[in-house]
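Visitor: what follows is a protein structure lacking sequence information:
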């Protein structure tokens, strides 16, 4: 029951906060100065040796400050976003609108070697820890789990962001989502929401928590004029309530144009040609000999001018330093918003994982596969362990069926976890960047969500195969439990590889190689203990070695008699399985799984695929003598620019300011970096 779960999550938040309502927080002023952005990648020879000179490290600085192979996307842009105003950012394609918004939101996508310089301040100071929870950033791309409904997506977002239930109803009514609440989000393949509905859902999820700043990248894409006006009206209401709103728009109609307070015009390469009151823009262009033609919509004229390089060259905008006019700029913010309690994060993410896995976890195809394999092996090994005479004739067959038990619960769970993380990469990157939850909560929820598969499928398998083979019933419970342990170990290995590689196709190749090595060292195909010592020790690195020995001990030991040692018979010269005690084998298997899980967590925690890296350009580091500081830059230091290394296009959430590296370019009077 979603309403019950939502009420429960709200009570957890209330108890964690002592039941007190959140205090009103001061407004935020975002100011940026001299933002310059370079995007792209630098081509480096594969076989080239790294040398110690700046000229030989694979790329060189261009005279204008960039790097060979990089493109300047934004050129020395400055501006401010104040509370209570709605700013429209306009410019032709390639003007750097998306790039600038992503830099301001601390989520730029600049390519492998891209970087940006300049300064972004909030209320006159550097962004503090968790500041992104104060920001709503609507991406141009609508990123959701396609199997969720609109209602489920909004309720999960509200729970994770600690928004009250009343805000969900208000946002649904504000953005006209009532008719699609129970519709699946869908994808390009599976029918779901329309493009306009998806865009409205994207905006609604970001505005659930009444952010103090809102940056929106093309929020009107796919909307008709009426819906676009409704969206802008809702954003206008947010602005009147004290939120600073800035959005990029291509060609607003005259009806939409009337809703904007400020206009930021960007020419190609991100150069600012106007930043001021929207109503004064026409007079500004007229004063420069470019009046708006009669009966033209002003935005149409502005874009027409910006598309002409000759006309743009005559437009020069000088930003006005009006910091002293804003006493609110200095308002301190000493109580950053906290994340939801860890238990609430885990419960919400775990439930979302269960809901999201409808039709993919425990689907009929999985049951058919497991039951079919159990029936095939049960029929082919029919009654081989029925009595003493049969066991005497089929001792090696008992070993072989046990090998297939080990193989089934090693290969199956491993391949089921191949896509543990890559399909969720975009959503994970988006939500981690918004600081919706921690990576620890996501990882714990991921582990809990896989429990039904690991527990139910082995039960069905053994219910079919065990009586057909006629193995001892007293060994069944223990064999089932150790199969659960092996399934957990195999899934742990696949999760570790998936988190390290983050590509399903590449992970499949690596997993097959690793599993074949583990299987061949397990002792069934070759008595590896009789190989030379340099090879024989490899059996100790295979969890198949311990698992095979453990299963055989459970299945064969009940058949041992004083007159006949079946364990010695199956060990013999043909096999080399673990001869440790069952407890020792189980402990080692648990250790394998634990190490693999820790490796998966560390890989996620440090992955550059889902968060920004801060590696500095090697040539810039060399020219500055390697002086790289992780300290906060000194306030109001004249003649200094701070260079921030930003993420590649395949990554997402940046580190907090405490984790970032800041490169200081001290400018000499001649303008050369020192």
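Guide: Looks like it arrived, so ask away. The model shown is predicted, which means the values in this text are computed figures rather than measured ones.
Visitor: contacts for stretch 303-323, please.
Guide: 31, 78-80, 90-92, 95, 124, 250-251, 265-268, 271-275, 285, 288, 290, 329 (Cβ atoms under 8 Å, 6 or more residues apart in numbering). Heads up, the C-betas are built off the backbone N, CA and C, glycines and all.
Visitor: buried subset of these?
Guide: Among the contacts of stretch 303-323, those buried by neighbour count (16 or more other Cβ atoms under 10 Å) are 31, 78-80, 90-92, 95, 265-268, 271-275, 285, 290, 329.
Visitor: of the contacts of stretch 303-323, which belong to helices?
Guide: Among the contacts of stretch 303-323, the members falling in helices (DSSP state H) are residue 285.
Visitor: among the contacts of stretch 303-323, which lie within strands?
Guide: 31, 78-80, 90, 265-267, 271-275 (DSSP state E).
Visitor: and those residues, which two are furthest apart?
Guide: Within these, 31 and 267 form the most distant pair, 21.5 Å apart (Cβ to Cβ).
Visitor: and the gap between residue 120 and residue 128?
Guide: From residue 120 across to residue 128, the span is 12 Å (Cβ to Cβ, to the nearest Å).
Visitor: mind listing the strands for the stretch 151-300 of the chain?
Guide: Assigned by DSSP state E, counting those that start in this stretch, the strands in the stretch 151-300 of the chain fall at 213-217, 244-248, 262-267, 271-277.
Visitor: just put those in CSV and tack on distance to residue 104.
Guide: Below are the strands of the stretch 151-300 of the chain laid out as CSV (distance: least, Cβ to Cβ, whole Å):
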stretch, distance to residue 104
strand 213-217, 6
strand 244-248, 8
strand 262-267, 11
strand 271-277, 14
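Visitor: residue 382 contacts residue 469, doesn't it?
Guide: Yes. The criterion here is Cβ atoms under 8 Å, and residue 382 meets it with residue 469 at 7.2 Å.
Visitor: higher neighbour count, the two?
Guide: The residue with more neighbours, out of residue 382 and residue 469, is residue 469; 24 against 11, by other Cβ atoms under 10 Å.
Visitor: spatially nearest residue to the more buried one, not counting backbone neighbours?
Guide: Among residues not flanking residue 469 along the chain, residue 381 sits closest, at 4.9 Å (Cβ to Cβ, 6 or more residues apart in numbering).
Visitor: the host helix or strand of residue 467: which residues count as buried?
Guide: Taking DSSP states H and E as the definition, residue 467 sits inside helix 451-469. Residues 453-454, 457-458, 461-462, 464-466, 468-469 are the ones in helix 451-469 that count as buried (16+ other Cβ under 10 Å).
Visitor: from those residues, pick the one nearest residue 606.
Guide: Closest approach between the buried residues of helix 451-469 and residue 606, by Cβ to Cβ: residue 454, at 26.6 Å.
Visitor: how many residues are close by the residue nearest to the closest one when sequence neighbours are not counted?
Guide: Leaving aside its chain neighbours, residue 454 sits nearest to residue 487 (4.8 Å; criterion: Cβ to Cβ, 6+ apart). By the criterion of other Cβ under 10 Å, residue 487 has 25 neighbours.
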